[in-house]
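What would the 3D arrangement of this be:
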Amino acid sequence: MILSDVDILKAIERGEIKVIPFNRENLGPCSLDLTLDIRITVFRSISLIDPFNKESILKAVNEIEIDDNGYEIAPGEFILGMTKERIMLNRKYAATLEGLSSLARIGIIVHAAGLVNPGTGMIKPSSLVLEISNRGKSYVLLKPGMRIVQIMFHKLSSESSVGYDERKTSKYVGQEKAV
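Reported below is the predicted structural model:
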């Protein structure tokens with residue numbers, strides 16, 4: 001079941017979901033718009049990235065902070081962003097992320113590996129990593145604080161037995177960086 005705005009507010013009031021900072025103006029009928037943080041990760045051109053080798057990945061990326069002037073994402077460019085908001089879900093809720101139509105219409109596709117597992121942020125509320133690509137034909141200006149993605153919260157049929165942050169195999173507990 002996707003939560004309505006009314007149920008999102010109730011879950012936040014009960015502490016079952018945390019969004020830090022929470023901006024009520026970003027609340028829609030069944031979703032909450034999240035904003036772009038100052039931290040982005042851009043990719044260098046290297047011959048090969050081995051997804052099973054952390055050092056290989058780190059050689060390919062450069063983490064930068066964008067200021068109020070923003071970042072001009074080039075046509076065909078792929079970057080990683082992070083949400084300004086830090087999220088916590090208890091074991092009763094999962095969430096999914098969806099891009100914004102207003103950005104998609106100008107070629108910006110935002111997709112996070114769309115599932116936010118139950119128990120994410122239980123140890124430490126964390127920002128969400130966003131995969132951002134420009135599929136348009138023009139540069140597009142991305143600015144910190146702009147609405148970048150929407151999150152929809154789902155109530156599970158029963159509480160999960162273990163939360164994401166509690167699993168020993170979870171890789172991104174309390175993540176502060178995109179890579």
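
Could you check the pLDDT of the residue nearest the centre of the chain?
Closest residue to the average C-alpha location of the chain: residue 128 at 3.2 Å, with C-alpha atoms, centre = their mean. pLDDT for residue 128: 94.

Within the helices and strands, which one has it?
strand 126-134 (DSSP states H and E).

in the protein, which spans are helices?
For the chain, the helices defined by DSSP state H occupy 5-13, 54-60, 101-104.

Quick one, which of those helices gets closest to residue 20.
helix 5-13 (10.3 Å; C-beta to C-beta). The way it works is simple: take the backbone N, C-alpha and C, and place the C-beta from them, glycine included.

Which elements pack onto the closest one?
Packed against helix 5-13, as judged by 3 or more C-beta pairs under 8 Å, 6 or more residues apart in numbering; DSSP states H and E, are the following elements: strand 17-20, strand 147-155.

Could you rerun that using 10 Å?
Helices and strands touching helix 5-13, by 3 or more C-beta pairs under 10 Å, 6 or more residues apart in numbering; DSSP states H and E, are strand 17-20, strand 32-43, strand 147-155.

So for it, what gets flagged as buried?
8, 11, 12 (16 or more other C-beta atoms under 10 Å).

Between the helices and strands packed on helix 5-13, which one is closest to residue 60.
If you check each of those against residue 60 by C-beta to C-beta, strand 32-43 wins as the nearest, at 5.5 Å.

So for that closest one, what gets flagged as buried?
By neighbour count on 16+ other C-beta under 10 Å, the buried set for strand 32-43 is 32, 33, 34, 35, 36, 37, 38, 39, 40, 41.

Now do the helix or strand of the chain with the lowest mean pLDDT: which elements does it pack against?
Using mean pLDDT, DSSP states H and E, helix 54-60 stands out as the lowest-scoring helix or strand of the chain, at a mean of 85. The helices and strands touching helix 54-60, judged by 3+ C-beta pairs under 10 Å, 6+ apart, are strand 32-43.

try 6 Å this time
Using 3 or more C-beta pairs under 6 Å, 6 or more residues apart in numbering; DSSP states H and E as the contact test, no helix or strand touches helix 54-60.

roughly how far out does that helix sit from the chain middle?
Computed by C-alpha atoms, centre = their mean, to the nearest Å, the chain-centroid distance of helix 54-60 equals 21 Å.

What's the per-residue pLDDT of the residue of the chain positioned farthest from its centre here?
In the chain, the greatest distance from the average C-alpha position (C-alpha atoms, centre = their mean) is reached by residue 47, at 27.9 Å. With respect to pLDDT, residue 47 has a value of 81.
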